[in-house]
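Peer 1: Sequence first, predicted model second:
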Amino acid sequence: MSVAYHRSDDGILLHSRGGIEVRLIDCPVARRGFRSFFGVWLVRDATRGTTFLVDCGPAAAAERIAEAVWRHAGGRLDALLLTHVHMDHCGSAGALAREFPDLRVIAPAKGTRHLVDPTRLVTSSRAVLGDIVDAYGEITSVPETALSSPDALGGLRAIDAPGHAPYHNAYVYRAGDETILFPGEAAGVHLDPRAGGNFGTSCRMSVMPYIRPATPPRFVFPVALASLDRVRETRPTIVCYAHFGASDDASLLDGARDQMLLWRDVCAELLSDDPTAADDPIGRLLPSLLDADPNLGAYRLLEPDIRDREDFFIANSLRGIVGWIQEERSSERKG
């Protein structure tokens, strides 16, 4: 499947073949810069007669997603695959389970308790994200009877991929000659200029896609790296990123691995020279990464409000990497 974007007023259709239709639904929220960031994937497989979503965005997006399902799938929705239980990926699940009563919700098994009772999820999210949580909307519980397992959907394989979150799945869907990978955030963030919304009009279509790690605290580097290696082994024909866009260039997964190692090494060197650099990740760490990391080349082409959004999440990812480095060094000193 080659990636070609065909826009509609509620999202982007990726040109498909073999009876597979893959659609990216953009789920903006009422927060500066939070557009073309939360991606929900709507997949229709005419051969199997199956329609499913991968992730469902924040609660504020529930109505938009439901409308897309009615418009493009005639109201048929067999399954919702959640890569992980963060509010920007699972927030609409409860509302969708009530809109579509036969919906099967598939998620990492150890995270499902936070879908049934999201109280702790909301509290921990607010501790990390602050008032951004308000823009995500009010999350509602998923009925326990809606929970299901990956084997409920033919052609689907779930891959255990912790790192970005302690309970995290990537999903591979095979249909005919296509192997479609939904890595969640196990392979970081990918902003494709062709998907629009993040880059200025001067950004040419040929610019290298912007990718960055998604490594928030508490982050365990070897666990995340092993997860990425399992994801890379799937050899997909197309990669559908949660944030934001798709690619038929599976070498981006290799690039994501190289990038994680580079960020670790650059941060470790900077912290060795000056441990206080950890106190200002954007001012003290990011400039060196921009010089060293070719996959951040498009950072300076981001729209100003998008760059502010990215700075927030880059800082969070750097705190995760820095925290792991500090813990490792502390253990070495004690040992």
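Peer 2: Happy to help now that I have it. Numbering: from 1, shown residues only.

Peer 1: Okay, helices next: where are they in the stretch 51-200 of the chain?
Peer 2: Along the stretch 51-200 of the chain, the stretches classed as helices by DSSP state H, counting those that start in this stretch are 62-73, 87-90, 93-99, 113-116, 119-129, 132-136.

Peer 1: Ok, which of these comes nearest R232?
Peer 2: Closest approach to R232 among the helices of the stretch 51-200 of the chain (CB to CB): helix 87-90, 21.3 Å. C-betas here are computed from N, CA, C, even on glycine.

Peer 1: starting at the chain centroid, how far to that closest one?
Peer 2: How far helix 87-90 lies from its chain's middle: 9 Å, per CA atoms, centre = their mean, to the nearest Å.

Peer 1: rewinding a little: out of the helices of the stretch 51-200 of the chain, which one sits most buried?
Peer 2: Compared across the helices of the stretch 51-200 of the chain, helix 87-90 shows the largest average neighbour count, a mean of 26 (mean count of other CB atoms under 10 Å).

Peer 1: low-scoring stretches of the stretch 101-250 of the chain, by residue?
Peer 2: For the stretch 101-250 of the chain, applying pLDDT under 70 flags the ranges 197, 200-209.

Peer 1: which residues in it form strands?
Peer 2: Along the stretch 101-250 of the chain, counting by DSSP state E, counting those that start in this stretch, strands occupy 104-106, 147-148, 156-160, 169-175, 178-182, 189-191, 210-212, 238-241, 245-247.

Peer 1: Adding distance to R44 and mean neighbour count, write the ones you listed out as a markdown table.
Peer 2: Shown next, in a markdown table, are these (distance: least, CB to CB, whole Å; neighbours: other CB atoms under 10 Å):
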| stretch | distance to R44 | mean neighbour count |
| --- | --- | --- |
| strand 104-106 | 16 | 22 |
| strand 147-148 | 19 | 18 |
| strand 156-160 | 14 | 18 |
| strand 169-175 | 10 | 23 |
| strand 178-182 | 12 | 24 |
| strand 189-191 | 23 | 24 |
| strand 210-212 | 28 | 24 |
| strand 238-241 | 14 | 24 |
| strand 245-247 | 16 | 24 |
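
Peer 1: The ones you listed: which one's closest to I321?
Peer 2: Per CB to CB, nearest to I321 of the strands of the stretch 101-250 of the chain: strand 210-212, 11.4 Å.

Peer 1: which other helices and strands contact the longest helix anywhere in the chain?
Peer 2: Determined from DSSP state H, the single longest helix within the chain is helix 304-334. When contacts are defined as 3 or more CB pairs under 8 Å, 6 or more residues apart in numbering; DSSP states H and E, helix 304-334 sits against strand 210-212, helix 251-273, helix 286-292.

Peer 1: So for the last one, mean pLDDT?
Peer 2: In this model, helix 286-292 has a mean pLDDT of 96.

Peer 1: Ramachandran coordinates for V220?
Peer 2: Per-residue torsions, V220: phi -120, psi 110 (degrees, to the nearest 10).

Peer 1: My error: substitute T83 in the last question.
Peer 2: Per degrees, to the nearest 10, the backbone of T83 is at phi -70, psi -40.

Peer 1: That one and R333, how far apart?
Peer 2: From T83 across to R333, the span is 36 Å (CB to CB, to the nearest Å).

Peer 1: Over to F312?
Peer 2: Applying CB to CB to F312 and R333 gives a distance of 32 Å.

Peer 1: and these two? which has more neighbours close in?
Peer 2: Using other CB atoms under 10 Å, the more surrounded residue of F312 and R333 is F312, with 14 against 7.

Peer 1: Do you know the pLDDT at that one?
Peer 2: F312 carries a pLDDT score of 96 in this model.

Peer 1: can I get the helices of the stretch 51-200 of the chain in JSON lines with distance to L296?
Peer 2: Shown next, in JSON lines, are those (distance: least, CB to CB, whole Å):
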{"stretch": "helix 62-73", "distance to L296": "30"}
{"stretch": "helix 87-90", "distance to L296": "22"}
{"stretch": "helix 93-99", "distance to L296": "32"}
{"stretch": "helix 113-116", "distance to L296": "32"}
{"stretch": "helix 119-129", "distance to L296": "23"}
{"stretch": "helix 132-136", "distance to L296": "23"}
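
Peer 1: can you tell which of these is closest to D248?
Peer 2: helix 62-73 (21.8 Å).

Peer 1: Other residues contacting the closest one?
Peer 2: 10-11, 21, 23, 25, 27, 40, 42, 44, 51, 53, 56-57, 75-77, 91-92, 95-96, 99-100, 137 (CB atoms under 8 Å, 6 or more residues apart in numbering).

Peer 1: rerun at 6 Å
Peer 2: Contact partners of helix 62-73, identified using CB atoms under 6 Å, 6 or more residues apart in numbering, comprise 10, 25, 40, 44, 51, 56, 77, 92, 95, 99.

Peer 1: and the third one, helix, strand or coil?
Peer 2: Which is V40. Following DSSP: H, G, I helix; E, B strand; the rest coil, we place V40 in the strand state.
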